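# starting from these lines, generate the structure:
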Amino acid sequence: MDIGIPKEKGAHEHRVALTPSGVKALLQQGARVWVERGAGVEAGYSDSDFEKAGATTAYSREEIFARGELVVCIQPPGEKSIEVLRPGQIVVANWALPAARPEDFRALQEQEVTAIGLEVIENEEGAAPVRVCMSEIAGRLALTIGSGLLLNEFGGKGILLSGAPGVTPATLVIIGAGVLGRSAAQAALGNGAHVVLLDRSVEHLRYALNHLDRPVPTMLATRPNIEKTLGFADLVLLAAAVRGERAPLLITRAMLKLMRPRSVIMDLSIDMGGCCETSRPTSFPAPTYEVDGIVHFCVPNLPSAAARSATVSLTNALLPSLLDIVERGFDRAFAENVGLCSGAYLYRGVCCKESLARTFDVEFRTPPCAGRVRG
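Numbers count the residues shown, from 1 in each chain. The predicted structure is shown next:
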């Protein structure tokens, strides 16, 4: 099997889909791997690192897509790259298709490609390993960046996250008690912040309390409770997501009036459409903007800010699925590996997620894999 790894073209995307070590593992399994020139440089991996691992350097993005039966990338291919995709070609990427434009979704269908979402591939336990590892990193980074956004020099209200002797700490409200929310909560507790955690599920809140270093106030994420917490929050971290679906809208523009001026909203569900009505994707070096006196931070690829660490973590999470594809061939692996099949948005151009079919009003067909796959 020929596998192509392109250089990422997204705004300030510094990661690469696989480390040289991950590439070597695929080669040892019998694959041929093509890596675009310069693909790993910003994550600390040179072309010679990949060549020493056994990969072949490709000198253009077009060559990667021409050679790769399977293309592995982080950001979805751009509009021009979609045009050169071949029927039957398999592209593994962070597609986030529930939040895509209808014209982009239909263009993919017309190319009859198989689109596998990094963010929804499951393991044997039903967890999404790539989503988990990127959420862990994003949660830690969010705390680091959020503490800076509270300072005057970055547009904040001039509050020290941890407080100081005789000075109360900042209040961090986290909406979403999943991996990202728990990771941010743990980091915040370690820095002395006051943390309030909300989620729509009592079970998620219970699990979070059992795994944090110390108890935090928890609330159900109902509209009245969200409105209540907005009134005293210094920093709001939105980390609510439904796997394979658009993020729920939790904060309207009208609700911003409940917040104190120069408070901060970090919408880390922006890659799936965002949880705040006033959220829109941003990127470094200008990751923030202001609406009605509230600072917004909405960087969808936040783990890229720690590109080396994120690339290693991504490889650890993704490699088992890729090795399975190389060992058994895609069709057999797809048919027998329900976790891999759960990651498919499109199979040869046909929508195989019911929720996605409803979103774009297209035909849905059950994917050709064993077991029950989440819609």
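# what comes up buried for stretch 342-349?
By neighbour count with 16 or more other CB atoms under 10 Å, stretch 342-349 contains the buried residues Ser342, Gly343, Ala344, Tyr345, Leu346, Tyr347, Arg348. Every C-beta, even on glycine, is put in place using the N, C-alpha and C of the backbone.
# how about the strands in the stretch 1-150 of the chain?
Taking DSSP state E, counting those that start in this stretch, the strands of the stretch 1-150 of the chain run over residues 2-5, 32-36, 56-58, 70-72, 90-93, 114-117.
# need the winner for burial among these.
strand 114-117 (a mean of 26; mean count of other CB atoms under 10 Å).
# and that one, how far from the chain's centre?
Centroid separation between strand 114-117 and its chain, computed with CA atoms, centre = their mean, to the nearest Å, is 15 Å.
# what lines up beside that strand in the sheet?
Strand pairing for strand 114-117, determined by DSSP bridges: strand 90-93 (parallel), strand 344-347 (antiparallel).
# could I have that strand exported to CSV, CA atoms only?
What follows is strand 114-117, C-alpha atoms only, in CSV (Å, rounded to 0.1, in the frame of the first residue of the first chain):
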residue,chain,number,x,y,z
THR,A,114,-13.5,7.5,1.5
ALA,A,115,-13.2,10.2,4.2
ILE,A,116,-12.0,8.9,7.6
GLY,A,117,-12.2,11.3,10.5
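# quick one: mean pLDDT over it.
The average pLDDT for strand 114-117 rounds to 93.
# how about stretch 25-37?
97.
# quick one: contacts of it?
1-7, 18, 23, 47, 50, 53-61, 63-64, 67-68, 319, 322-323, 326-327 (CB atoms under 8 Å, 6 or more residues apart in numbering).
# 6 Å instead?
Residues from elsewhere that reach stretch 25-37 (CB atoms under 6 Å, 6 or more residues apart in numbering): 1-7, 23, 47, 50, 54-59, 64, 67, 323, 326-327.
# and for stretch 52-66?
4, 6, 20, 23-24, 27, 33-37, 47, 84.
# Leu314: neighbour count?
Here the number of neighbours of Leu314 (other CB atoms under 10 Å) works out to 27.
# wait, a strand at it?
No - going by DSSP: H, G, I helix; E, B strand; the rest coil, the assignment for Leu314 is helix, not a strand.
# low pLDDT regions in the stretch 201-350 of the chain?
Residue ranges of the stretch 201-350 of the chain with pLDDT under 70: 244.
# what do you get if the cut-off is 90, keeping everything else the same?
Scanning the stretch 201-350 of the chain for pLDDT under 90 picks out the ranges 213, 241-246, 271-272, 331, 334-343.
# could you pull out the helices in it for me?
202-211, 223-230, 307-328, 330-336, 338-342 (DSSP state H, counting those that start in this stretch).
# what would the longest one look like as PDB? C-alpha coordinates only.
Right, the one you point to is helix 307-328. Extracted in PDB, the C-alpha atoms of helix 307-328 (Å, rounded to 0.1, in the frame of the first residue of the first chain):
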ATOM      1  CA  ALA A 307       3.700  20.700  17.500                       C
ATOM      2  CA  ARG A 308       6.400  18.300  18.600                       C
ATOM      3  CA  SER A 309       4.600  16.900  21.600                       C
ATOM      4  CA  ALA A 310       1.300  16.900  19.700                       C
ATOM      5  CA  THR A 311       2.800  15.000  16.700                       C
ATOM      6  CA  VAL A 312       4.200  12.300  19.000                       C
ATOM      7  CA  SER A 313       0.900  12.000  20.800                       C
ATOM      8  CA  LEU A 314      -1.000  11.800  17.500                       C
ATOM      9  CA  THR A 315       1.300   9.100  16.200                       C
ATOM     10  CA  ASN A 316       0.800   7.000  19.300                       C
ATOM     11  CA  ALA A 317      -3.000   7.300  18.900                       C
ATOM     12  CA  LEU A 318      -3.300   6.800  15.100                       C
ATOM     13  CA  LEU A 319      -0.600   4.200  14.400                       C
ATOM     14  CA  PRO A 320      -2.600   1.100  15.500                       C
ATOM     15  CA  SER A 321      -5.300   1.800  13.000                       C
ATOM     16  CA  LEU A 322      -2.900   2.500  10.200                       C
ATOM     17  CA  LEU A 323      -1.000  -0.700  10.900                       C
ATOM     18  CA  ASP A 324      -4.200  -2.600  10.800                       C
ATOM     19  CA  ILE A 325      -5.000  -1.100   7.400                       C
ATOM     20  CA  VAL A 326      -1.600  -2.000   6.000                       C
ATOM     21  CA  GLU A 327      -1.600  -5.500   7.500                       C
ATOM     22  CA  ARG A 328      -5.100  -6.500   6.300                       C
END
